[in-house]
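>>> Sequence and predicted model, in that order:
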Amino acid sequence: MRRRTGFAMAGVAALAWGEWLNRRWSRALVGSSGGASEAVVVLGYRNPQSTANFINRWRVRAGVRSVAADNVRDTRVIFSGGPAGSRTAEAQLMAEYAKSVLEFDGTVLLEGRSTTTWENITNVIPLLEDVDRIKIASQPAHAFKARVYLRRQRPDLAEKLVRADDYRPGEWMVAKPLLALYGLWTLRGIRAGEQKTSL
């Protein structure tokens with residue numbers, strides 16, 4: 001009985017830790033920039049098949065729901081990702097899913113050359129120059145890493161970062177401890193001074 005209780009408590013603690021860490025990443029390095037125009041950057045994930053895979057479909061949903069309901073006209077959604085693992089760019093697969101399945105009819109731009117997160121940011125910068133707000137949608141640790149990269153490459157544009165709707169309490173709850181562990185591994189190159197929670 002004690003062993004079961006111990007396992008249950010450990011499980012609850014792991015779920016709470018995963019939830020907390022993902023929430024923290026989703027709020028790191030974002031401000032409250034105002035203005036009418038915004039860009040939502042959706043980062044692709046390796047996609048060997050001819051349609052958007054599970055992770056890319058979720059990222060597209062997170063990106064589309066990040067578009068303010070009253071601001072669709074002034075928002076561009078930028079899908080970023082090259083043909084990593086297939087002939088078709090991840091950006092194209094994600095855009096097709098957004099339009100055909102989610103019926104998103106807002107402005108869509110494609111960046112179809114990037115094969116790394118650093119390249120994602122480098123290649124979308126020209127598409128971000130004239131907007132007032134920038135949102136980056138992905139799993140929270142990955143989006144945080146991309147915000148760090150934007151800050152390294154263009155600190156002036158990083159001042160425009162605001163939070164995307166890529167974290168919701170309870171969503172992916174069982175997977176969040178694993179996502180948190182993976183996130184910690186992928187963020188090992190981020191310096192401590194870059195991990196403060198706001199700009």
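All right, it came through fine.

>>> Could you report the pLDDT at residue 8?
Looking at residue 8, its pLDDT stands at 61.

>>> ditto for residue 174
On the pLDDT scale, residue 174 is placed at 78.

>>> just checking, it touches residue 19?
No. Residue 174 sits out of contact with residue 19 when judged by C-beta atoms under 8 Å, with a separation of 10.7 Å. Every C-beta, even on glycine, is put in place using the N, C-alpha and C of the backbone.

>>> quick one, which of those two is more surrounded?
Using other C-beta atoms under 10 Å, the more surrounded residue of residue 174 and residue 19 is residue 19, with 19 against 11.

>>> and that one, which of the three is it?
Here residue 19 is helix, with the state taken from DSSP: H, G, I helix; E, B strand; the rest coil.

>>> Which residue lies nearest the spatial centre of this protein?
residue 138 (2.0 Å; C-alpha atoms, centre = their mean).

>>> State the phi and psi torsions of that one.
phi -170, psi -170 (degrees, to the nearest 10).

>>> give me every residue that touches it.
By C-beta atoms under 8 Å, 6 or more residues apart in numbering, the contact set of residue 138 is 42-43, 45, 59, 62, 146, 166.

>>> Make JSON lines from the residues you listed and add secondary structure and neighbour count to it.
As requested, the contacts of residue 138 are arranged in JSON lines below (DSSP: H, G, I helix; E, B strand; the rest coil; neighbours: other C-beta atoms under 10 Å):
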{"residue": "42", "secondary structure": "strand", "neighbour count": "32"}
{"residue": "43", "secondary structure": "strand", "neighbour count": "29"}
{"residue": "45", "secondary structure": "coil", "neighbour count": "20"}
{"residue": "59", "secondary structure": "helix", "neighbour count": "27"}
{"residue": "62", "secondary structure": "helix", "neighbour count": "23"}
{"residue": "146", "secondary structure": "helix", "neighbour count": "23"}
{"residue": "166", "secondary structure": "coil", "neighbour count": "28"}
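
>>> wait, which of those is closest to residue 104?
Among these, residue 42 lies closest to residue 104 (C-beta to C-beta), at 10.8 Å.

>>> Who's the closest spatial neighbour of the closest one, skipping the chain neighbours?
Closest residue to residue 42 in three dimensions, ignoring its sequence neighbours and counting by C-beta to C-beta, 6 or more residues apart in numbering: residue 63, at 3.6 Å.

>>> host element of the one you found?
Using DSSP states H and E, residue 63 falls within helix 54-65.

>>> residues of that helix that come out buried?
56-64 (16 or more other C-beta atoms under 10 Å).

>>> Quick check: pLDDT value at the residue nearest to residue 42.
Listed pLDDT for residue 63 reads 97.

>>> now do residue 184
87.

>>> swap in residue 197?
50.

>>> ok, now residue 132?
As predicted, residue 132 sits at a pLDDT of 94.
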